[in-house]
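In: fold the following for me, if possible:
(one chain, ligands or ions: 2)
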Amino acid sequence: MSIETRLREDIVRLSKSLFDRGFSVGSAGNISAAVEDGILMTPTNSCLGFLDPARISKLDRDGRHVSGDKPSKEVFLHRAFYETRPQAGAVVHLHSTFATALSCLADTDPEDSIPPLTPYVVMRVGQVKLLPYVKPGDERMGDMIRDLSGQYAAVLLANHGPVVTGKDIASAVYAAEELEETAKLLVLLRGASTRMLSSGNVAELKSVFGAY
Ligand SMILES: O=C(O)[C@@H](O)C(=O)COP(=O)(O)O
Ligand SMILES: [Zn+2]
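Out: Ligands and ions are numbered 1, 2, ... in the order given. Next up is the predicted model:
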């Protein structure tokens, strides 16, 4: 089996897993993965639970649609991550409930929208910047991601949802799940006196496990 064929199957399997567990509903969200000669991307208006490996969109290195169904409207967003984070092998965008809730709350810190509550989110996701709202599919999303110069593995799109990258499709999906579970804890703990990890704790995790 070729690398691309296996990757198509991984996208279908992991997307279905996200859908089956409620991380994505309806046709919300989109996923892409880098291949040698371009990017594989979920088609626009497709349901992550019912993807067909043969119909996954393929874009060449210049972003031209070369095969499969019409790609997600968020192509600018995904391409900007690959351009600025050479270590990124996959990008996952979801409308998962709790991360999206934080993206709508007026007091979410734009510089640190998913604060370090537990070690694993620091190890798998890192600091998460909140980006200002623009409509889905807006080319300006690509500009905003490029302006971050590859500094963040994950961002929250205001009033929209999370976007998470990883070195490969499994890492990106696992990181998106970790971000969502942390967002859930943050919402559950709202109003309670909560102890976050200290900057020393975060620095230690980064030095031992590496920065995302
Ligand atoms: O929120 C949106 O419209 C998109 O960001 C999205 O999640 C689904 O769009 P497509 O990937 O074009 O279906
Ligand atoms: Zn979306």
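In: please make it C-alpha for all contacts and neighbour counts, starting now.
Out: Noted.
In: in three-state terms, label the residue nearest to Val173 when sequence neighbours are not counted for me.
Out: Distance criterion CA to CA, 6 or more residues apart in numbering; nearest residue to Val173, sequence neighbours excluded, is Val92 at 6.5 Å. Look at Val92: counting by DSSP: H, G, I helix; E, B strand; the rest coil, its state is strand.
In: tell me the confidence at Val92?
Out: pLDDT, Val92: 99.
In: that one touches Ala172, doesn't it?
Out: Yes - counting by CA atoms under 8 Å, Val92 touches Ala172, with 6.3 Å between them.
In: joint contacts of the two?
Out: 164-165 (CA atoms under 8 Å, 6 or more residues apart in numbering).
In: ok, Ile56 - contacts?
Out: 8, 40-43, 68-69, 71.
In: at 7 Å instead, please
Out: 40-43, 68-69 (CA atoms under 7 Å, 6 or more residues apart in numbering).
In: so for the chain, the centremost residue is which one?
Out: In the chain, the residue lying closest to the centroid (CA atoms, centre = their mean) is Val164, at 2.1 Å.
In: roughly how far apart are the residue nearest to Ser57 when sequence neighbours are not counted and Glu180?
Out: Nearest in space to Ser57, with sequence neighbours left out and distances taken as CA to CA, 6+ apart, is Gly68 at 4.3 Å. Counting by CA to CA, to the nearest Å, the gap from Gly68 to Glu180 is 30 Å.
In: isn't Leu51 up against Val12?
Out: Yes - with contact defined as CA atoms under 7 Å, Leu51 reaches Val12; the gap is 5.6 Å.
In: which elements pack onto the top helix by length along the chain?
Out: Longest helix in the chain by number of residues (criterion: DSSP state H): helix 169-188. Packing partners of helix 169-188 (3 or more CA pairs under 7 Å, 6 or more residues apart in numbering; DSSP states H and E): strand 90-93, helix 97-104, helix 119-124, strand 161-166.
In: adding distance to ligand 1, write the ones you listed out as JSON lines.
Out: Below are the helices and strands packed on helix 169-188 laid out as JSON lines (distance: least, CA to the nearest ligand atom, whole Å):
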{"stretch": "strand 90-93", "distance to ligand 1": "7"}
{"stretch": "helix 97-104", "distance to ligand 1": "11"}
{"stretch": "helix 119-124", "distance to ligand 1": "22"}
{"stretch": "strand 161-166", "distance to ligand 1": "8"}
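In: okay if I get those as JSON lines plus distance to Ile56?
Out: JSON lines is the format used below for the helices and strands packed on helix 169-188 (distance: least, CA to CA, whole Å):
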{"stretch": "strand 90-93", "distance to Ile56": "14"}
{"stretch": "helix 97-104", "distance to Ile56": "25"}
{"stretch": "helix 119-124", "distance to Ile56": "27"}
{"stretch": "strand 161-166", "distance to Ile56": "19"}
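In: Thr84 is nearest to which of these?
Out: Closest to Thr84 of the helices and strands packed on helix 169-188, according to CA to CA: strand 161-166, at 11.4 Å.
In: what lies in contact with that closest one?
Out: Contacts for strand 161-166 (CA under 7 Å, 6+ apart): 88-96, 99-100, 103, 153-156, 172, 175-176.
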